[in-house]
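*Asks:* The following block contains a protein sequence and its predicted model.
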Amino acid sequence: MDIYLVGGAVRDELLGLPVKEKDWVVVGGTPDTLLAQGYKPVGNDFPVFLHPQTGEEYALARTERKHGQGHGGFLFHTAGDVTLEDDLKRRDLTINAMARAGDGRLIDPYNGQNDLKERLLRHVSPAFAEDPLRVLRVARFAARYHWLGFRVARETMDLMTDIVLAGELQHLSPERVWKETSRALMERSPQMFFRVLHECGALAELFPELANLDGIPQSPDHHPTVDVLTHQWRCLAQAARQNLSLTGRYALLCHDLGKASTPPDRWPRHQNYERQSETLALEMSRRLRVPREMADAAAVMARWQNRGRRVLKLRPPRVWEVLHALDVIRRPRRLRFFVDACEADYRTCQADPKAPFPQGEFLLGVAEVVRTVDVAGLRQAGLSGPALGRALESKRIRAIRLYRQEFVEKWPLP
């Protein structure tokens, strides 16, 4: 029985990057052998075991054969006659199809090391086309390694396009699509995930709300002279620079979806598109089965982002309308996501990506003020029901007015 370090650990070691986790392949072993040594079995499709001390994954060398549609339509074969080269050949990219032997030797039957040097994401074999999930995986690797200069090989992009045209993406479950998307959004260059998907045609299949933004012009008064989809890419790049949370990044992804519904004769202006953005954000979130908190944050961002950017110019009742819609009394986390996403959007439109965003500080501060408005005194005065609600709202609006007066002394109105 021979054991080899494989996959991402070998790849990242050769790139000089930190190795976060290690995966191993066992050649010539059997389940009984590993069980006898204390390994714990996991997984249903093929034999994978956890090391009794390290907890790292050890998988028996295997081959696979397509027998159905989608990501899960495979039969796996594990036996003593499966070689390391057989196992590596079934992997997605050449840079993931290398192994390190116990004596330190690099085993690279599919020229992954050369593709690392050339900064290429290239498929190992034509079997790549049998798994539609690999389209998303390649796009995610593009998002992870774009900063190092990696690009998708032309022949691999052509193969990804063929997968899309064959309708294979329709067999991916929403859960798998969201899992890859959520991971890609947290990569160093999240915009590359969607750009690669757009290039091979997968964006229109999986994220039509985004694909529809391609070529839609924006108002030159507030945005650089790029179309809405390119603005989305820039927003995601800015989100990564600001280290936004996943919820903040997803909210930002959805913020301009409604601009695709603007009639061409009204371009480049986009008036009253926010409600349509909210509707589309909710539809996309339902289709992808996005977690509730993220879906809510995306809908709020889509509906209220413009007021968030202009909040210092709004009258106190309109400020309260925004805070009430964000439910800042009960859901303070939602406001944090909203402010972060608005800040990234704002800075994307500025010449200086580190431009100050006093609107964010104001929103966070004024929300704290309205949270501390005392309702007990109003109840003691005998108010209840609708009368109590109106009095409380008036008191909060007065608090907003006072806070705003103090705030603009520090920050001139933009």
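*Replies:* Alright, I've got the coordinates.
*Asks:* what are the bridge partners for residue 120, then?
*Replies:* Listed by DSSP bridges, the beta-bridge partners for residue 120 are residue 151.
*Asks:* Is it in contact with residue 154, as I believe?
*Replies:* No - under the criterion of Cβ atoms under 8 Å, residue 120 makes no contact with residue 154, lying 9.4 Å away. C-beta: built from backbone N, CA, C; applies to glycine.
*Asks:* Those two - which one has more neighbours?
*Replies:* More neighbours sit around residue 120 than around the other of residue 120 and residue 154, counting by other Cβ atoms under 10 Å; the figures are 21 against 10.
*Asks:* list the contacts for that one?
*Replies:* Contacts here follow Cβ atoms under 8 Å, 6 or more residues apart in numbering; on that basis residue 120 touches 94, 150, 151, 152, 153.
*Asks:* Looking at those, which two lie furthest apart in space?
*Replies:* The largest separation in the contacts of residue 120, counting by Cβ to Cβ, is between 94 and 151 at 13.8 Å.
*Asks:* These two - which one has more neighbours?
*Replies:* Between residue 94 and residue 151, counted using other Cβ under 10 Å, the more crowded position is residue 94 (26 against 16).
*Asks:* check contacts around the nearest residue to the more buried one once chain neighbours are set aside.
*Replies:* Spatial nearest neighbour of residue 94, excluding adjacent residues (Cβ to Cβ, 6 or more residues apart in numbering): residue 112 at 4.0 Å. With contact taken as Cβ under 8 Å, 6+ apart, residue 112 is in contact with 11, 93, 94, 95, 96, 97, 98.
*Asks:* And residue 112, its phi and psi?
*Replies:* According to degrees, to the nearest 10, the main-chain angles of residue 112 amount to phi -70, psi -40.
*Asks:* With the one 3 residues further on instead?
*Replies:* The phi/psi pair for residue 115 (degrees, to the nearest 10) reads phi -70, psi -30.
*Asks:* again with residue 295
*Replies:* According to degrees, to the nearest 10, residue 295 has phi -60, psi -40.
*Asks:* neighbours of it, just the number please.
*Replies:* Under the neighbour criterion other Cβ under 10 Å, residue 295 is assigned a count of 21.
*Asks:* Distance-wise, check it relative to residue 258.
*Replies:* Separation of residue 295 from residue 258 (Cβ to Cβ, to the nearest Å) stands at 16 Å.
*Asks:* Look up which helix or strand the residue nearest to residue 193 when sequence neighbours are not counted falls in, please.
*Replies:* Counting by Cβ to Cβ, 6+ apart, the nearest residue to residue 193 once its immediate chain neighbours are dropped is residue 184, at 3.7 Å. For residue 184, the enclosing helix or strand under DSSP states H and E is helix 174-185.
*Asks:* Can you give the contact residues for the next helix or strand after that helix?
*Replies:* From helix 174-185 onward toward the C-terminus, using DSSP H and E, the following helix or strand is helix 191-199. Contacts to helix 191-199, defined as Cβ under 8 Å, 6+ apart, come from residues 135-136, 138-140, 142-143, 146, 152, 157, 181, 184-185, 187, 203-204, 206-207, 210-211, 214, 229, 232-234, 236-237.
*Asks:* what's the answer for stretch 134-142, then?
*Replies:* Stretch 134-142 is contacted by residues 92-93, 121, 123, 128, 150-152, 156, 160, 163-164, 169, 172, 176-177, 180-181, 183-184, 187, 189, 192-197, 200, 202 when judged by Cβ under 8 Å, 6+ apart.
*Asks:* my read is residue 24 is in a strand, agree?
*Replies:* Yes - with the criterion set as DSSP: H, G, I helix; E, B strand; the rest coil, the secondary structure at residue 24 is a strand.
*Asks:* ok, now how distant is the closest residue to it other than its chain neighbours from residue 5?
*Replies:* If the residues on either side of it in the chain are set aside, residue 24 comes closest to residue 58, at 4.5 Å by Cβ to Cβ, 6+ apart. When distance is defined by Cβ to Cβ, residue 58 is 10 Å away from residue 5.
*Asks:* got any residues that touch both of those two?
*Replies:* Between them, residue 58 and residue 5 share these contacting residues under Cβ under 8 Å, 6+ apart: residue 24.
*Asks:* So which of the contacts of helix 191-199 are in strands?
*Replies:* Taking DSSP state E as the definition of strands, those contribute residue 152.
*Asks:* Can you flag the buried ones in the contacts of helix 191-199?
*Replies:* Of the members of the contacts of helix 191-199, the ones counted as buried by neighbours, 16 or more other Cβ atoms under 10 Å, are 135-136, 138-140, 142-143, 146, 152, 157, 181, 184-185, 187, 203, 206-207, 210-211, 229, 232-234, 236-237.
*Asks:* if I pick residue 89, what's in contact with it?
*Replies:* 63, 97, 109, 110, 124, 125, 127.
*Asks:* now swap in residue 200 and tell me
*Replies:* With contacts taken as Cβ under 8 Å, 6+ apart, residue 200 has the following neighbours: 135, 157, 160, 161, 163, 164.
*Asks:* Now the most centrally placed residue in the chain: closest residue in space that isn't a chain neighbour?
*Replies:* A centroid search over the chain (Cα atoms, centre = their mean) returns residue 185, at 2.2 Å, as the residue closest to the centre. Distances taken as Cβ to Cβ, 6+ apart put residue 249 closest to residue 185, at 4.6 Å, once the chain neighbours are dropped.
*Asks:* just checking, the one you found touches residue 184?
*Replies:* No - Residue 249 is beyond contact range of residue 184, at 9.8 Å (criterion: Cβ under 8 Å).
*Asks:* Between those two, which contacts overlap?
*Replies:* The contact lists of residue 249 and residue 184 share residue 190, where a contact means Cβ under 8 Å, 6+ apart.
*Asks:* show me the residues around residue 289 that make contact.
*Replies:* Here residue 289 is in contact with 174, 175, 178 (Cβ under 8 Å, 6+ apart).
*Asks:* do the same with residue 245
*Replies:* Going by Cβ under 8 Å, 6+ apart, residue 245 touches 337, 340.
*Asks:* What pLDDT is listed against it?
*Replies:* As summarised for this prediction, residue 245 has a pLDDT of 96.
*Asks:* Please tell me how far it sits from residue 271.
*Replies:* 31 Å.
*Asks:* And the strands in the stretch 1-150 of the chain?
*Replies:* Secondary structure of the stretch 1-150 of the chain (DSSP state E, counting those that start in this stretch): strands located at 2-6, 23-27, 40-42, 48-50, 57-60, 63-66, 74-77, 99-100, 106-107, 120-121.
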